[in-house]
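Asks: This is a predicted model, with the sequence first.
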Amino acid sequence: MMHVNGEEIELILCTAPAEKADSIARILVDERFVACVNIQEIRSVFRWEGEVQVEDEMLLICKTTTGRREETFRRLREIHPYDVPEILALPVKDGDPRYCSWVRAEVSG
Amino acid sequence: MMHVNGEEIELILCTAPAEKADSIARILVDERFVACVNIQEIRSVFRWEGEVQVEDEMLLICKTTTGRREETFRRLREIHPYDVPEILALPVKDGDPRYCSWVRAEVSG
Amino acid sequence: MMHVNGEEIELILCTAPAEKADSIARILVDERFVACVNIQEIRSVFRWEGEVQVEDEMLLICKTTTGRREETFRRLREIHPYDVPEILALPVKDGDPRYCSWVRAEVSG
């Protein structure tokens, strides 16, 4: 990855029920685990008890640093209503330097 | 990538017309090519026959393993209405261990 | 990354206000910085002047090549209304060969 002046940025994806998405996002931002969260309406298709199910959910796309990943995973597990929530970290290859500095500052405060 | 206990997880992105998105997602999950699919409404902007076009579509975000990628690509091409559909695989850097185990189990069944 | 026959593909993510998203996407496609853009409605949660804020925005997911990344970043900064817009580049691990060729052709025209 090409981040020359500071820690790498990462995206953390997590799906959640509509009624919990905003509160999860607020906690992560307020407690400085992540700099910001984009929340999107999604329809999830998955197998449950042998049958393919379709459910409306929300996808949270969180922007943070490599150094905050594990703690963000831990905090998500604490506040998420599912027993095994989807929590995935995607690598970011590069970014606008000032935006990346803002993300780093937000999660190190 | 940091997956110590098993195959790497990947995201496969694919855009499709609204009327086909659900059936494509159901086939991929039912036939265990992917563990789950998140479907999102999008507006796509692209050049077609020299003109910039805007079209409503759906984005499918599929969760699977590196080992199932090629077969998922092949199956998508078989069932997709477009001649050259958008099919891209994104690397996943890390994930909640229990969630990643669930994805692996779902596509190896 | 596994692109054997040509330059690597990348996703560039950028958030923008609803009223600017379409025009930003059209410029990037028309001027061949990117091959296509998917625009999604999102709710963004972030801290601003000490308070956690929630705002409706749009997420733009642009498909381009590694070689066009820096110029796309520069053009985005020129046309974006924010002083420090979110601009991030994600790596693509693999893709349908014909689709990837189309992306390369669209941004090299």
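Replies: Structure received. Numbers count the residues shown, from 1 in each chain, chains lettered A, B, ... in the order given.
Asks: quick one, phi/psi of the residue nearest to residue A:26 when sequence neighbours are not counted?
Replies: Nearest-residue entry for residue A:26: residue C:52, 5.5 Å, with adjacent residues in sequence omitted and distances by CB to CB, 6 or more residues apart in numbering or on different chains. (Each C-beta comes from the backbone N, C-alpha and C, glycine too.) Here is the backbone geometry of residue C:52 (degrees, to the nearest 10): phi -80, psi 120.
Asks: hey, what's residue C:52 bridged with?
Replies: On the basis of DSSP bridges, residue C:52 takes part in beta bridges with residue C:47.
Asks: Quick one: name the residues of chain A near chain B.
Replies: The interface of chain A toward chain B, taken as CB under 8 Å from any CB of the partner chain, is made up of A:10, A:15, A:40-47, A:52, A:54, A:57, A:59, A:69, A:73, A:76-77, A:84-91.
Asks: and these, which are buried?
Replies: By neighbour count, with 16 or more other CB atoms under 10 Å in any protein chain shown, the residues of chain A next to chain B hold A:10, A:15, A:40-46, A:57, A:59, A:69, A:73, A:76-77, A:85-91 as buried.
Asks: Chain A: strands as residue ranges?
Replies: All strands of chain A, identified by DSSP state E, fall at A:9-16, A:36-48, A:51-65, A:87-91, A:94-95.
Asks: My read is that residue A:8 contacts residue A:91, right?
Replies: Yes. The pair residue A:8 / residue A:91 is scored as a contact, 7.5 Å apart, by CB atoms under 8 Å.
Asks: thinking again about what came up before, make a markdown table out of the strands of chain A and add mean pLDDT and distance to residue C:63.
Replies: A markdown table is the format used below for these (pLDDT from 0 to 100; distance: least, CB to CB, whole Å):
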| stretch | mean pLDDT | distance to residue C:63 |
| --- | --- | --- |
| strand A:9-16 | 98 | 17 |
| strand A:36-48 | 97 | 18 |
| strand A:51-65 | 97 | 17 |
| strand A:87-91 | 98 | 16 |
| strand A:94-95 | 98 | 15 |
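Asks: so which of the ones you listed gets nearest residue A:104?
Replies: strand A:51-65 (5.9 Å; CB to CB).
Asks: Now do the closest one and strand B:36-48, the angle between them.
Replies: Put simply, strand A:51-65 runs at 70 degrees to strand B:36-48, going by axes from the mean of the first three to the mean of the last three CA atoms, to 10 degrees.
Asks: Pull the number of nearby residues for residue A:30.
Replies: Per other CB atoms under 10 Å in any protein chain shown, the neighbour tally for residue A:30 reads 12.
Asks: how about the nearest residue to it, chain neighbours excluded?
Replies: Nearest residue to residue A:30, sequence neighbours excluded (CB to CB, 6+ apart): residue C:52, at 5.2 Å.
Asks: quick one: contacts for the one you found?
Replies: Counting by CB atoms under 8 Å, 6 or more residues apart in numbering or on different chains, residue C:52 makes contact with A:26, A:29, A:30, C:45, C:46.
Asks: Against residue A:105, how distant is it?
Replies: Distance of residue C:52 to residue A:105, computed by CB to CB, to the nearest Å: 16 Å.
Asks: picking up where we left off before, now, which of the contacts of residue C:52 sits nearest chain B?
Replies: Lowest distance from chain B to the contacts of residue C:52 (CB to the nearest CB) belongs to residue C:45, with 17.9 Å.
Asks: Correct me if wrong: that closest one contacts residue A:26.
Replies: Yes. Contact criterion CB under 8 Å: residue C:45 and residue A:26 qualify, at 6.0 Å.
Asks: Contact partners for residue A:54?
Replies: By CB under 8 Å, 6+ apart, residue A:54 lies in contact with A:43, A:44, A:45, B:22, B:26.
Asks: Look up how far chain C lies from the last one.
Replies: Here residue B:26 is placed at a distance of 21 Å from chain C (CB to the nearest CB, to the nearest Å).
Asks: likewise the first one?
Replies: Remark: distance between residue A:43 and chain C (CB to the nearest CB) = 13 Å.
Asks: For chain A, which residues are neighbours of chain C?
Replies: Checking chain A against chain C by CB under 8 Å from any CB, the hits are A:9, A:11, A:22, A:25-26, A:29-30, A:35-41, A:61, A:63, A:90-96, A:98-99, A:102, A:106.
Asks: Report the buried members of the residues you listed.
Replies: A:9, A:11, A:22, A:25, A:29, A:35-41, A:61, A:63, A:90-96, A:99, A:102, A:106.
Asks: what's near enough to touch the closest residue to residue A:45 other than its chain neighbours?
Replies: Once flanking residues are discounted, residue A:45 sits nearest to residue B:25: 4.1 Å by CB to CB, 6+ apart. Residue B:25 makes contact with A:45, B:37, B:39, B:60, B:62 under the criterion CB under 8 Å, 6+ apart.
Asks: do the same with residue A:66
Replies: A:7, A:8, A:9, A:10.
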